[in-house]
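Asker: attaching a predicted model along with its sequence, questions to come.
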Amino acid sequence: MLQRTDYKIKLPKITDDFDNMKTSINQPIGNFFYDPWEIKPEYKGTVWERLLKTLPIEHGEARVIVMQPGTTYMSHADIDNRWHLNLQGEQSYLLDLEHLDMHLLEQNGYWYYMDAGKKHSASNFGSIPRVQLVVRELLKNSPLENLIQVTIKPTTAQFDYRYKFDNIVSPWLNRVNTNNCLKDFSFEKDTVKFKTVITELSSLKLTKDFKIAVDSVS
């Protein structure tokens, strides 16, 4: 789930006084999921821009994510894979919930590539905040023809719908994107729309919490 890349840097000393935060240091200039993002004006010339430039790949949203001691994320998966640069922490782990594996997040200066389509969590068992720079991989627009239009939304209002979506639908979406069979993914509130090939759709197993509509694309 987590692989070390060849991109290595000299880690800077983190002097910022962090609180609980997920701060985007860049902003979209086109489609949120498909087009490269640009650094926000307030972060130009800072250590955050210099760190981001060490990842020489077109990318999406980049966030400084701080995880306080003794905290854990809920189980989830993501449609887009991620690059992680661990800047600070001790006894912090990424948890592969599908294979029950724990990945120690080391401060070794390497960028790591994460298969975020697997259900996962993260925990900070240490005494200091874990600080990471986490970058979204851009989605791929499939070049395939004869796609179908798919719409997924909740059957009823549900307080935990996002949790259900991220554990049931997001792993499938990630795999379809990896297979280059996803196009024009978008969401608005609880409604998700995308195009794919009908053969991929057969592997999507929804529960009664979801309703799905499928239309042909002319």
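Answerer: Received, thanks.

Asker: next, residue 165: secondary structure please.
Answerer: Under DSSP: H, G, I helix; E, B strand; the rest coil, residue 165 falls in the helix class.

Asker: count of neighbours near it?
Answerer: Around residue 165 sit 22 other residues, with neighbours defined as other C-beta atoms under 10 Å. (Glycine included, C-beta is placed from N, CA and C.)

Asker: got a list of what it touches?
Answerer: Taking C-beta atoms under 8 Å, 6 or more residues apart in numbering, we find residue 165 in contact with 192, 210.

Asker: any figure for the gap between it and residue 192?
Answerer: To residue 192, residue 165 is 8 Å away according to C-beta to C-beta, to the nearest Å.

Asker: same check on residue 181?
Answerer: Residue 181 is 16 Å from residue 192, by C-beta to C-beta.

Asker: quick one: residues in contact with the helix or strand hosting residue 22.
Answerer: Using DSSP states H and E, residue 22 falls within strand 21-24. Residues outside strand 21-24 that contact it (C-beta under 8 Å, 6+ apart): 40, 61, 62, 63, 64, 65, 66.

Asker: with stretch 123-133 instead?
Answerer: 14, 18, 48, 51-52, 62-73, 84-93, 95, 105, 122.

Asker: repeat that for 6 Å
Answerer: With C-beta atoms under 6 Å, 6 or more residues apart in numbering as the contact definition, stretch 123-133 has outside contacts at 14, 18, 51, 64-69, 71-72, 84-93.

Asker: ramachandran angles for the residue lying closest to residue 179 once chain neighbours are set aside?
Answerer: Nearest residue to residue 179, sequence neighbours excluded (C-beta to C-beta, 6 or more residues apart in numbering): residue 200, at 7.0 Å. Here is the backbone geometry of residue 200 (degrees, to the nearest 10): phi -70, psi -30.

Asker: now do residue 200, the pLDDT please.
Answerer: pLDDT recorded at residue 200 is 93.

Asker: correct me, but it touches residue 176?
Answerer: Yes: the pair residue 200 / residue 176 is scored as a contact, 5.1 Å apart, by C-beta atoms under 6 Å.

Asker: ok, the two, which is more surrounded?
Answerer: Of the pair residue 200 and residue 176, residue 176 is the one with more neighbours under other C-beta under 10 Å, namely 23 against 20.

Asker: ok, the more buried one touching residue 183?
Answerer: No: judged on C-beta under 6 Å, residue 176 makes no contact with residue 183 at a distance of 9.8 Å.

Asker: most neighbours, which of the contacts of strand 21-24?
Answerer: In terms of neighbours by other C-beta under 10 Å, those top out with residue 62 at 25 neighbours.

Asker: export only the CA atoms of stretch 167-183, formatted as PDB.
Answerer: Output of stretch 167-183 as PDB, limited to C-alpha atoms (Å, rounded to 0.1, in the frame of the first residue of the first chain):
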ATOM      1  CA  ASN A 167     -15.600   2.200   2.300                       C
ATOM      2  CA  ILE A 168     -17.800   0.700  -0.400                       C
ATOM      3  CA  VAL A 169     -17.600   2.900  -3.500                       C
ATOM      4  CA  SER A 170     -14.300   4.700  -3.300                       C
ATOM      5  CA  PRO A 171     -12.200   1.500  -3.500                       C
ATOM      6  CA  TRP A 172     -14.000   0.500  -6.700                       C
ATOM      7  CA  LEU A 173     -13.600   4.000  -8.200                       C
ATOM      8  CA  ASN A 174      -9.900   4.000  -7.400                       C
ATOM      9  CA  ARG A 175      -9.400   0.600  -9.300                       C
ATOM     10  CA  VAL A 176     -11.500   1.800 -12.300                       C
ATOM     11  CA  ASN A 177      -9.300   4.900 -12.500                       C
ATOM     12  CA  THR A 178      -6.200   2.800 -12.200                       C
ATOM     13  CA  ASN A 179      -7.500   0.600 -15.100                       C
ATOM     14  CA  ASN A 180      -7.900   3.800 -17.200                       C
ATOM     15  CA  CYS A 181     -11.700   3.200 -17.400                       C
ATOM     16  CA  LEU A 182     -13.000   6.300 -15.600                       C
ATOM     17  CA  LYS A 183     -13.900   9.600 -17.200                       C
END
